[in-house]
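Asker: Sequence plus predicted model, see below.
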Amino acid sequence: MSEQLAMDKENRLFLVHIITQLISFAKVRFASEKKQEQEEEDVELDTGVQDCDVYMTRVHLLQQLIFSGVDLGGHSLTLSTFSNPRTSRQLRDALIEQDRMELAIEVATKCDIESEPAWAHWGLSLLKMGRYNEAKEKFENCLQPQIADAPESKHGKPSYSATKTNSNSKVNAKAKGEYNKKILQQIITVLESGSPHDPINIRDRYSSLRRGIAQRYSKNTVTPMSNDAFIRNLQAKTQAEAQPKSMFTGLFSLQKEAPKEYKKKSSLDSARYLQCLFYLQHYGTPAELIEFWNSHRLFEDALRYILNASLSVEFFIEVIMRAADDNRLTYLMNLIEKIDPSKSRWIPYLQDACKSFNTMRRYDLLLIFLVYLKEYIRAGTACIKMFISSADDYFLQVKYLQEAKTYFAEGSARLHQQWSNQMTLMDTPKSPDGSDPEFSFGDANKLIKTTNLQLEVVSYFKELSQPYPQEDELNISLFGSFEQKCKIAELLVLLNFDLAFRIMQEFQLPVQIYNQAIASAVEQKKTARVNALLQSLQGIVSDAEWDEIILNIITTCANRLEDRTLAETYVPKLRSPTNEIQGLIACRKLKIAYVKAVKIGAKNYVRLIRDEARRLGMQTEVDICEKFLK
């Protein structure tokens with residue numbers, strides 16, 4: 001019967017009346033049957049009464065929709081429409097599209113489906129008209145306020161949870177959270193899109209403009225502007241005046257003394273700014289609130305909120321990154337000092353930010369904030385990291401090293417002055433933030449020496465027109481691992497012995513570096529360079545180290561180059577008799593080696609000579625050694 005309502009327009013009231021009477025009659029019958037059988041519990045009778053109430057509600061809803069004159073775009077209305085959630089949602093959405101919000105909410109409520117879309121659309125419509133208080137009332141029905149638990153630490157991130165969420169269904173809570181975020185973004189977008197215009201005010205302005213221009217043209221012979229021209233002129237002037245004279249009025253970042261370039265960053269006036277804050281604070285998360293401030297370059301509000309709410313350092317870093325993108329780090333630092341001139345509350349944030357920049361390899365930001373904290377020695381180490389990460393650019397490498405040297409010198413001077421002042425008070429030196437200094441005066445001076453050596457190394461490779469040595473696309477340096485220092489020294493031994501020697505002395509590198517470098521030169525048959533290097537080593541290394549180097553040369557010539565004649569020329573350079581015997585054995589001069597071994601009574605070396613002669617098939621030498629050993 002309900003299907004006839006859409007087709008039989010003349011008898012709608014009659015049909016509705018009949019349907020109502022049928023449902024009422026059915027409810028009375030169910031109720032009377034239930035009363036007669038009170039002693040027995042009958043579930044079907046209870047359900048029947050409840051179904052009648054539901055159908056009666058839906059009949060009233062059907063009647064309300066039919067007589068409202070709403071255009072449903074081909075949707076046929078029957079009582080079964082309200083029984084199906086899918087068709088009920090389609091009906092609700094159709095009503096929303098026609099701005100019939102009250103009917104849409106009525107359908108959602110009586111069909112037990114979501115009413116939030118209707119409330120949200122209603123609120124957004126009111127927001128666009130500038131009816132902010134009414135919009136808030138509507139949004140209360142579809143948005144979930146956010147509440148914060150206690151913060152995890154002194155400046156840790158609070159955990160946020162939404163009210164009105166179903167704790168038994170994580171999936172449902174997540175879906176509601178996503179919907180909450182979506183509506184909130186739409187609200188902020190509407191508020192950011194521009195201030196609403198008052199229609200009454202526009203009409204008044206139109207009349208005023210019309211009269212003024214008519215009086216102006218009454219004195220001339222020119223024809224007055226047409227209505228279309230009036231409208232265009234009015235719109236241009238209205239839009240110009242709708243732009244806020246200044247968004248910096250009222251709150252922290254809305255101060256008149258804010259830089260002019262920052263006034264151009266946002267289109268918000270103070271009224272819409274406060275509306276944005278209301279919704280973000282009530283329904284948003286700290287991340288969304290910080291992102292809003294960052295997007296409008298309202299860094300002071302963001303910083304104050306981070307400090308007062310004890311948020312985690314990640315939020316502070318987001319503000320820094322946005323300010324860095326705008327080249328406004330100096331402005332940001334001024335705000336930090338404005339909020340807390342002592343910077344005592346900012347110290348944990350600044351230090352944690354520096355740690356994060358180091359992890360992120362944002363050494364440029366790390367350097368800026370270390371200098372801001374006046375931690376000059378660490379600032380110098382940041383310059384060294386930039387040098388290591390720099391490409392094969394000589395001028396850039398020198399620039400970073402020179403800056404590092406400057407910061408190390410400044411840090412050394414401050415440590416020395418600090419030490420002198422506090423030793424006068426017979427107290428332990430402390431760093432500005434109250435903690436023990438990480439670097440001593442000796443550490444600073446050692447870093448300066450290392451930087452000077454590194455500058456010499458870079459300059460020398462530039463003179464050779466050779467690319468600076470790298471490892472895994474990073475420059476190896478004297479500030480790197482022990483292996484990197486050894487590699488640099490080994491490369492320089494044959495090229496610049498004086499520089500290599502000073503590096504080895506400074507870092508106490510092993511003599512094996514000389515061995516490896518000389519062995520490489522021997523294999524390349526660079527005899528002159530080998531001899532020059534040996535001459536440079538005279539008086540520098542001990543006798544044992546000298547013999548180790550000479551034996552390495554002899555072994556390389558005899559075994560790898562198979563040039564025993566050349567190897568034999570180095571035997572006289574050996575200083576120990578036993579080492580001289582080993583050199584002769586390597587050159588296969590076994591008879592001479594035997595004579596020297598017998599002369600010093602070294603039976604162990606005679607056995608070595610015998611074993612080597614036996615291996616080489618030199619029977620005469622074997623017999624001589626056997627005779628001596630017996």
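Answerer: Good, I have the coordinates. Residues are numbered from 1 along each chain as shown.
Asker: When you work out contacts or count neighbours from here on, use the C-alpha atoms and nothing else.
Answerer: Fine.
Asker: residues touching residue 291, list them.
Answerer: Residues in contact with residue 291 (C-alpha atoms under 8 Å, 6 or more residues apart in numbering): none are found.
Asker: What of residue 280?
Answerer: Taking C-alpha under 8 Å, 6+ apart, we find residue 280 in contact with 184, 288, 289.
Asker: I'd like to know how far residue 140 sits from residue 119.
Answerer: Using C-alpha to C-alpha, to the nearest Å, we find residue 140 at a distance of 9 Å from residue 119.
Asker: out of those two, which sits in the busier spot?
Answerer: residue 119 (24 against 15; other C-alpha atoms under 10 Å).
Asker: Check which helix or strand that one maps to.
Answerer: helix 116-128 (DSSP states H and E).
Asker: by how many degrees do the helix or strand just after that helix and helix 116-128 diverge?
Answerer: Per DSSP H and E, the first helix or strand lying C-terminal to helix 116-128 is helix 132-139. Interaxial angle, helix 132-139 versus helix 116-128 (axes from the mean of the first three to the mean of the last three C-alpha atoms, to 10 degrees): 170 degrees.
Asker: can you dump the C-alpha coordinates of helix 132-139 into CSV?
Answerer: Extracted C-alpha coordinates of helix 132-139, given in CSV (Å, rounded to 0.1, in the frame of the first residue of the first chain):
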residue,chain,number,x,y,z
TYR,A,132,30.3,30.5,13.5
ASN,A,133,28.3,29.8,16.7
GLU,A,134,25.6,27.9,14.9
ALA,A,135,28.2,25.9,13.1
LYS,A,136,29.8,24.9,16.3
GLU,A,137,26.5,23.5,17.6
LYS,A,138,26.1,21.4,14.5
PHE,A,139,29.7,20.0,14.5
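Asker: Report the rounded mean pLDDT for it.
Answerer: This predicted structure assigns helix 132-139 an average pLDDT of 93.
Asker: tell me which residues of that helix are tucked away?
Answerer: Neighbour counts over helix 132-139 (16 or more other C-alpha atoms under 10 Å) mark 132, 135, 136, 138, 139 as buried.
Asker: can you map out the strands along this structure?
Answerer: Using DSSP state E, the strands of the chain run over 146-148, 160-162, 470-471, 474-475.
Asker: Just the residues contacting the third one, thanks.
Answerer: Residues external to strand 470-471 that are found in contact with it (C-alpha under 8 Å, 6+ apart): residue 476.
Asker: what is the rounded mean pLDDT of it?
Answerer: Mean pLDDT, computed over strand 470-471, is 81.
Asker: Each with direction, which strands does it pair with?
Answerer: strand 474-475 (antiparallel) (DSSP bridges).
Asker: what's the least confident helix or strand in the chain, going by average pLDDT?
Answerer: Within the chain, no helix or strand scores below strand 160-162, which has a mean of 40 by mean pLDDT, DSSP states H and E.
Asker: Please work out how many residues are found near residue 354.
Answerer: Other residues lying near residue 354 total 21 when counted by other C-alpha under 10 Å.
Asker: Oh, that last question was meant for residue 287, not what I typed.
Answerer: By the criterion of other C-alpha under 10 Å, residue 287 has 13 neighbours.
Asker: how near is the residue nearest to it when sequence neighbours are not counted to residue 286?
Answerer: Excluding the flanking residues, the one nearest residue 287 by C-alpha to C-alpha, 6 or more residues apart in numbering is residue 315, at 7.1 Å. According to C-alpha to C-alpha, residue 315 and residue 286 sit 8 Å apart.
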